[in-house]
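Asks: Sequence first, then the predicted structure:
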Amino acid sequence: MLRGGCSGCDGVAVRAMSIQALEKIKRLHAAYCALTGMQVALDMVREGTWFEFCRKGFTEDDLRAVVRSIRAGIADGKRNPGALKFSNLVGQLDFFEEDLAMVRAQDRGRKSAVGGQKAEVLRATGRATSAKATEARPAGDVMKGDQAFKEFLKLKEEL
């Protein structure tokens, strides 16, 4: 059983869970090193940071998305290369969460800007997929064609 075990816990299950968590942490750290090009040691402090990363529900895909975004920002001159340092990227999980939220918002914007889904929905509901350009008409002409307006004018003449 692990040191300081817990009452009612199956030592084998806890050990197996710990081994799984450690393997996941090793995969995340290897991915971080590959994505950033920074080879930093996986020590106990970093293991703890990765554990918190996982505990908060972040995934390797999240890590990839944030690193990709930061790299794009660096290329555009909007981000500092130091943003990829372990202590900045993973060591400050509140900031990681904010970066991830920005990436997801940008992705949503890109997906809706594509318009393919909009056109499909419009077709499925029997609506035109593009607005028909009509020539602008003066408001008076539009209103003259309206039956209610004609009745109003007739009533006005009678008074």
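Replies: That came through, no problem. Residues are numbered from 1 along each chain as shown.

Asks: counting contacts, what elements does the longest helix anywhere in the chain pack onto?
Replies: Determined from DSSP state H, the single longest helix within the chain is helix 11-36. In this structure, helix 11-36 makes packing contacts with helix 44-55, helix 60-75, helix 86-89, judged by 3 or more C-beta pairs under 8 Å, 6 or more residues apart in numbering; DSSP states H and E. (C-beta placed from N, C-alpha, C; glycine too.)

Asks: Leaving out chain neighbours, which residue sits closest to the residue sitting nearest the centre point of the chain?
Replies: Taking C-alpha atoms, centre = their mean, the centroid of the chain lies closest to residue 104, which sits 1.0 Å from it. Nearest non-adjacent residue to residue 104, counting by C-beta to C-beta, 6 or more residues apart in numbering: residue 65, 7.8 Å away.

Asks: and if you look at residue 102?
Replies: residue 69 (7.2 Å).

Asks: Output the below-cut-off pLDDT ranges for the protein.
Replies: 1-17, 110-116, 129-134, 142-145 (pLDDT under 70).
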